[in-house]
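Visitor: Return a 3D structure for these sequence lines:
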Amino acid sequence: MPKIKRLNPIGMKDTSDYGFTQAVIVPSGSELVYIAGQGGADKDGNYGSFDSQLERAFASLDNALKAVGATPEDVVKITVLSVEHNEQKLSLISAKRKAFWSDHKPASTLIPVPRLASDGMLFEIDAIAVINNS
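Guide: Next up, the predicted model:
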């Protein structure tokens, strides 16, 4: 399969320090996989702190990727939703993205929101990944 290309074009901010890439090119003939928003509830439905939700949401994203035969490197786009967003949460999110993707950062949109689906839910992430079934 041809490689996914990730770019931070000249003249645009290099967003690598935030854990994402400005533009991603998907090779022709690839299949796209859409991963639903993953929140940070534990198996009993409890949410806890923003930090714990962030960890659990990324663990759920990783599980969903494995279920479809993908890895974090196959992710080309994410959308992040953060309740009561601030610079401290941005730092935590950026660090987690950088650790999860290392050199293969996806394009990303972060949207501060006043509320998510359930009371106590503070973080959600969805993803688009590319797989090759040939």
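Visitor: Tell me which residues touch the nearest residue to V113 once chain neighbours are set aside, please.
Guide: Using C-beta to C-beta, 6 or more residues apart in numbering and skipping the chain neighbours, the partner closest in space to V113 is L81 (5.1 Å). In short, each C-beta sits where N, CA and C put it, glycine included. Counting by C-beta atoms under 8 Å, 6 or more residues apart in numbering, L81 makes contact with 37, 110-111, 113, 116, 123-125.
Visitor: Of those residues, which is the most crowded?
Guide: Among these, F123 has the most neighbours (other C-beta atoms under 10 Å), with 28 neighbours.
Visitor: wait, what's in contact with it?
Guide: 39-40, 50, 53-54, 57, 80-83, 93, 116.
Visitor: Phi, psi for it please.
Guide: phi -150, psi 140 (degrees, to the nearest 10).
Visitor: where's it relative to G39, distance?
Guide: Separation of F123 from G39 (C-beta to C-beta, to the nearest Å) stands at 7 Å.
Visitor: quick revisit: what strand or helix carries the residue nearest to V113?
Guide: strand 75-83 (DSSP states H and E).
Visitor: how far out from the middle of the chain is the lengthiest helix in the chain?
Guide: Longest helix in the chain by number of residues (criterion: DSSP state H): helix 50-67. How far helix 50-67 lies from its chain's middle: 9 Å, per C-alpha atoms, centre = their mean, to the nearest Å.
Visitor: What residues sit buried inside it?
Guide: 50, 52-58, 60-61, 64-65 (16 or more other C-beta atoms under 10 Å).
Visitor: Output these as CSV; include the columns distance to I10 and pLDDT.
Guide: Shown next, in CSV, are these (distance: C-beta to C-beta, whole Å; pLDDT from 0 to 100):
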residue, distance to I10, pLDDT
F50, 35, 97
S52, 39, 96
Q53, 36, 97
L54, 32, 98
E55, 35, 97
R56, 38, 97
A57, 33, 97
F58, 31, 98
S60, 36, 96
L61, 31, 97
A64, 35, 96
L65, 31, 97
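Visitor: will you turn the residues you listed into TSV that also has distance to D44?
Guide: Shown next, in TSV, are those (distance: C-beta to C-beta, whole Å):
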residue	distance to D44
F50	18
S52	13
Q53	14
L54	18
E55	16
R56	12
A57	16
F58	19
S60	14
L61	20
A64	20
L65	24
